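Chemist: let's see this in three dimensions:
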Amino acid sequence: MSSASAPIDVALIGGGIMSATLGAIIQQLEPDWTIRIFERLPDVAQESSNAWNNAGTGHSALCELNYTKELPDGTVDISQAVKINEQFQVSRQFWAHLVGKGLLPDPEAFINPVPHMSFVWGEENVKFLRRRYEAMKDHPLFDGMEYSEDPAVIYEWAPALLPGRKKDQPIAATRSIEGTDIDFGALTRNLIDNLVAGGAELHTERKVTGLKRQKNGVWRLNTRHIVGGTPTTEYARFVFVGAGGGALSLLQSSGIPEARGFGGFPVSGQFLRTDDPEIVASHLAKVYGKAAVGAPPMSVPHLDTRVVDGKPSLMFGPYAGFTPKFLKYGSWFDLPFSIRPGNIIPMLAVFKDNLDLTWYLITQVLASKHTKFMALREFMPDARPGKWRQITAGQRVQVIKKDTKKGGILQFGTEVVTGADGTIAGLLGASPGASTAVPIMLDLLSRCFPNQLPKWEGTIQQMVPSYGLKLSDDPKLAVKTLETTAKALELV
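Modeler: Sure thing, here's the model as predicted:
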């Protein structure tokens, strides 16, 4: 077994948007630190960061109805939407900073303006969307949001939604022209290319098989080359496990007590996609509807304009599925091998408390092609089957964690797990992940490097001018920030 004797400063496990973002931030803060990236596939950004493995929404809660909860008294709570939009604005500021320094190429390579819409039908849903709009329209982060129940106006916004629809069907829509489509695969590749240009090392087809903390505090990484099977040993002072669905097993292997009790529930996704120029030209928007009863938040149906490698397409879904794999290119044994004595009770409790989700997944797996296509026709009544094809998206592993009352809870979102000494951290969970990568990584750095943080804060504020502030508390700052980043990212 070969061995690298001198420890590096930072080991990034996984070549996705999270590792790329953390590496980019660290390289700005500590340009002399040595960084090494380990990716088990032949190229980076091939799992959840790949453009066709995620919706690329640029989660800003402009259209995602699952971020605005209807309360028992009929009011709409927008606090989660505000939080997610705040986080997305942090990411945008960092990307704008890198563009300004010439560290990211033409912004059009990864981000493009695409209006975000919410669209509902049925009297009760129309009432909900109207209340949601009233709760959001005066907030500085949602300034400019439009609302209409007029079919003529909605047709002007998104022509494909109306033809073939019953004229007496109550409908409503909101639109935000500040929305974007993001190719997170292209963004990840650009960030990692820049990392390598700055001195970082990228090792593809290299799988990290185990982690162990040495007595001197340095981490030993056991790795294996995928092609030749050659084992190697690496040493690092700080380790970030950004391996998507593969993060759970590595955190478990590290032995840190903070990882005990966590489990994962894998959910796969499928979409319908068309590249037909006529159909694509008829719809320029990301349109989100309401999730079916019992469906997980990540299964909210949406009809999206996607811009990947400069070419527009349309994508509809997702259709949920089940596989025990934690990664799209993972193992069928990922789920069973993730079960530990410490997470059996939380996992059983989640199964017991989420029978509706289990039934939903069963119905989705058994759904026929015709049934799936009819879901598209609820959005686009005139859609024709021969123009669409089914694609398989990335795996999402929802976090299962201990809960003192229920035994375990299923968490929709992301969870940062850090060791007590700050030398290791990992990310579990899914949406809105990629869109909020920058604030997640800044929070991780504050938890793992509290002593260095005071020295870094000046640089962080240059990268993210609103760092430490809330845009929602300062309407003038919110307007200025949105305008500045939009200009820098060439969205206006």
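
Chemist: contacts and neighbour counts: CA atoms only from here.
Modeler: Noted.

Chemist: residues near residue 167, how many?
Modeler: A count of nearby residues for residue 167, using other C-alpha atoms under 10 Å, gives 10.

Chemist: also residue 353?
Modeler: Neighbourhood size, residue 353 [other C-alpha under 10 Å]: 15.

Chemist: go ahead and confirm residue 435 touches residue 58.
Modeler: Yes - shown here, residue 435 and residue 58 form a contact pair, counting by C-alpha atoms under 8 Å, at 5.3 Å.

Chemist: what do these two both touch?
Modeler: Listed contacts common to residue 435 and residue 58 are residue 88; contacts here mean C-alpha atoms under 8 Å, 6 or more residues apart in numbering.

Chemist: report the buried residues of the helix or strand hosting residue 442.
Modeler: Under DSSP states H and E, the secondary-structure element containing residue 442 is helix 437-448. By neighbour count, with 16 or more other C-alpha atoms under 10 Å as the criterion, the buried positions of helix 437-448 are 437, 438, 439, 440, 441, 442, 444, 445, 446, 447, 448.

Chemist: got those as CSV, with distance to residue 107 columns?
Modeler: CSV is the format used below for the buried residues of helix 437-448 (distance: C-alpha to C-alpha, whole Å):
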residue, distance to residue 107
437, 17
438, 17
439, 20
440, 22
441, 21
442, 22
444, 26
445, 26
446, 28
447, 31
448, 31
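
Chemist: could the residues you listed go into JSON lines alongside pLDDT and distance to residue 456?
Modeler: Below are the buried residues of helix 437-448 laid out as JSON lines (pLDDT from 0 to 100; distance: C-alpha to C-alpha, whole Å):
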{"residue": "437", "pLDDT": "95", "distance to residue 456": "18"}
{"residue": "438", "pLDDT": "97", "distance to residue 456": "15"}
{"residue": "439", "pLDDT": "96", "distance to residue 456": "15"}
{"residue": "440", "pLDDT": "95", "distance to residue 456": "16"}
{"residue": "441", "pLDDT": "97", "distance to residue 456": "14"}
{"residue": "442", "pLDDT": "97", "distance to residue 456": "11"}
{"residue": "444", "pLDDT": "97", "distance to residue 456": "14"}
{"residue": "445", "pLDDT": "97", "distance to residue 456": "10"}
{"residue": "446", "pLDDT": "97", "distance to residue 456": "10"}
{"residue": "447", "pLDDT": "96", "distance to residue 456": "13"}
{"residue": "448", "pLDDT": "97", "distance to residue 456": "13"}
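
Chemist: looking at those, spot the one nearest residue 471.
Modeler: Top of the list for closeness to residue 471, among those and by C-alpha to C-alpha, is residue 439 at 13.7 Å.

Chemist: the host helix or strand of residue 233 pairs with which strands, and in what direction?
Modeler: Per DSSP H and E, residue 233 falls inside strand 231-241. For strand 231-241, the paired strands and their directions (DSSP bridges) are strand 2-3 (parallel), strand 8-13 (parallel), strand 219-225 (antiparallel), strand 424-429 (parallel).

Chemist: kindly provide the whole-number mean pLDDT of the next helix or strand after that strand.
Modeler: Moving toward the C-terminus from strand 231-241, the first helix or strand encountered (DSSP H and E) is helix 247-254. In this model, helix 247-254 has a mean pLDDT of 93.
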